[in-house]
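Q: sequence and predicted structure are below.
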Amino acid sequence: MAAVVLAKTFKGIYAEPTDGLRVDALGQLMWFRIGLVTFLSPGGPPLQLSFLPSARAFRIGAIYFLAFMPVALLLNHWLRFTHFQPAAGFWWKGPATFVAFLLFVAFYEEVFFRGILQQRLTQWWGAWPALLATSALFGFVHLWFRQFPNYNWVILTFFLGLACGRAFTHAGIGASIVAHALVVASWRAFFA
């Protein structure tokens with residue numbers, strides 16, 4: 001599943017109808033649905049999905065977001081990969097990014113990494129090895145983010161994976177989606 005997405009297969013299949021209008025996400029969404037059907041078929045681990053996370057998931061996700069932020073700031077200080085610079089219109093871009101990631105990107109990534117992969121690996125290896133392996137894979141998926149190789153993002157997203165994985169273990173998929181979306185929204189609003 002991941003190899004097809006990482007190889008950017010859909011960019012070759014779905015050409016941009018106009019400059020800047022990416023439609024390859026349509027292929028990724030369909031591929032995601034195929035993965036869900038495959039992994040959630042009978043005998044697979046249960047996954048409680050809903051359109052919006054519960055109040056408990058929001059609360060737990062926010063707690064893990066707040067726990068992750070000092071780690072992210074220390075990593076940023078050590079790796080020096082971004083600096084504090086609020087985006088123009090951060091007051092609306094932050095919430096808009098949160099909603100977009102909550103409903104799409106964080107949802108997609110968290111269902112795959114935590115909801116499917118972490119659960120399967122936990123069945124095979126136990127909780128902590130599964131958390132570490134899933135977080136490492138989550139980090140390596142971001143090796144291509146903005147430039148290749150982007151080791152800073154691998155390190156940062158490894159630790160984000162640990163936070164989201166713990167949120168998932170504590171309160172389910174909704175909590176990990178909320179934590180992930182809050183981190184991305186904060187980064188895009190205040191570290192542009």
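A: It's in. Numbers count the residues shown, from 1 in each chain.
Q: could you chop the chain up by domain?
A: Under the assignment automatic domain parsing, the domains of the chain span 1-39, 50-190.
Q: out of those, which gets the lowest mean score?
A: When the domains of the chain are compared by mean pLDDT, domain 1-39 comes last with a mean of 63.
Q: mind listing what's buried in stretch 62-70?
A: Neighbour counts over stretch 62-70 (16 or more other C-beta atoms under 10 Å) mark 63-65, 68 as buried. C-beta: built from backbone N, CA, C; applies to glycine.
Q: before we move on, back to that, single out the most deeply packed of the domains of the chain.
A: domain 50-190 (a mean of 18; mean count of other C-beta atoms under 10 Å).
Q: residue 65 and residue 175 touch, don't they?
A: No. Counting by C-beta atoms under 8 Å, residue 65 sits too far from residue 175 to count as a contact (9.7 Å).
Q: could you pull out the helices for the protein?
A: With DSSP state H as the criterion, the chain has helices at 2-6, 9-13, 24-39, 55-79, 90-100, 106-110, 119-125, 127-141, 151-171, 173-190.
Q: is it true that residue 140 touches residue 153?
A: No. Contact status for residue 140 versus residue 153: not in contact, 9.9 Å apart, counting by C-beta under 8 Å.
Q: which ones are touching residue 105?
A: Contacts for residue 105 were tallied using C-beta atoms under 8 Å, 6 or more residues apart in numbering; they are residue 184.
Q: what of residue 158?
A: So, once contact is read as C-beta under 8 Å, 6+ apart, residue 158 ends up touching 135-136, 138-139.
Q: okay, among those, which ones form the most distant pair?
A: Based on C-beta to C-beta, the longest span within the contacts of residue 158 runs between 136 and 138 and measures 7.2 Å.
Q: quick check: neighbours shared by those two?
A: 158, 161.
Q: and the pLDDT for the nearest residue to residue 83 once chain neighbours are set aside?
A: Nearest non-adjacent residue to residue 83, counting by C-beta to C-beta, 6 or more residues apart in numbering: residue 191, 6.9 Å away. pLDDT, residue 191: 74.
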